[in-house]
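# sequence first, predicted coordinates after that:
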Amino acid sequence: MLSTQVCSRTVSLRRALPRARFLAGGDVLAQSCSADWRTCREGDVFFALTTADDDGHEHARAAIKRGAAAVVVERLVAVDVPQ
């Protein structure tokens with residue numbers, strides 16, 4: 001089961017993922033993240049995971065509609081938030 005992870009403070013994605021390439025924006029400060037688009041809340045980071053049963057990239061837009069401020073992806077998706 002995928003769950004939302006909540007921190008007691010904000011986390012800089014640039015600091016947490018120093019080797020990542022950021023597109024469509026600068027740093028993102030987040031308190032929580034989720035790999036389940038249905039549990040995304042305002043300001044979350046959505047991790048678009050590919051599993052044997054599902055491809056999270058297909059749910060990126062739904063996560064953003066629920067409030068995700070950024071998405072962590074394996075391949076580019078057509079969205080207007082940092083990825």
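Everything's here; your move. Numbering: from 1, shown residues only.
# ok, for residue 43, nearest residue in space, not its chain neighbours?
Once flanking residues are discounted, residue 43 sits nearest to residue 69: 5.0 Å by Cβ to Cβ, 6 or more residues apart in numbering. Every residue, glycine included, has its C-beta placed from N, CA and C.
# hmm, the one you found is touching residue 28, no?
Yes: distance between residue 69 and residue 28: 6.0 Å, which falls inside the contact criterion (Cβ atoms under 8 Å).
# what touches both of the two?
Between them, residue 69 and residue 28 have 45, 82 as joint contacts when contacts are counted by Cβ atoms under 8 Å, 6 or more residues apart in numbering.
# any idea how far residue 76 is from the residue nearest to residue 43?
If you measure residue 69 against residue 76 using Cβ to Cβ, to the nearest Å, the figure is 17 Å.
# between those two, which has more neighbouring residues?
residue 69 (20 against 11; other Cβ atoms under 10 Å).
# burial check on residue 11, number of neighbours?
Neighbour count of residue 11, defined by other Cβ under 10 Å: 17.
# same question for the one 3 residues further on.
Counted by other Cβ under 10 Å, the residues lying close to residue 14 total 13.
# keeping just the C-alphas, turn the helix ranked longest in the chain into CSV.
Ranked by residue count under DSSP state H, the longest helix found in the chain is helix 60-65. Provided in CSV are the C-alpha atoms of helix 60-65 (Å, rounded to 0.1, in the frame of the first residue of the first chain):
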residue,chain,number,x,y,z
ALA,A,60,0.0,13.2,-12.6
ARG,A,61,-2.7,15.5,-13.8
ALA,A,62,-5.2,14.1,-11.3
ALA,A,63,-2.6,14.6,-8.5
ILE,A,64,-2.1,18.2,-9.5
LYS,A,65,-5.9,18.8,-9.6
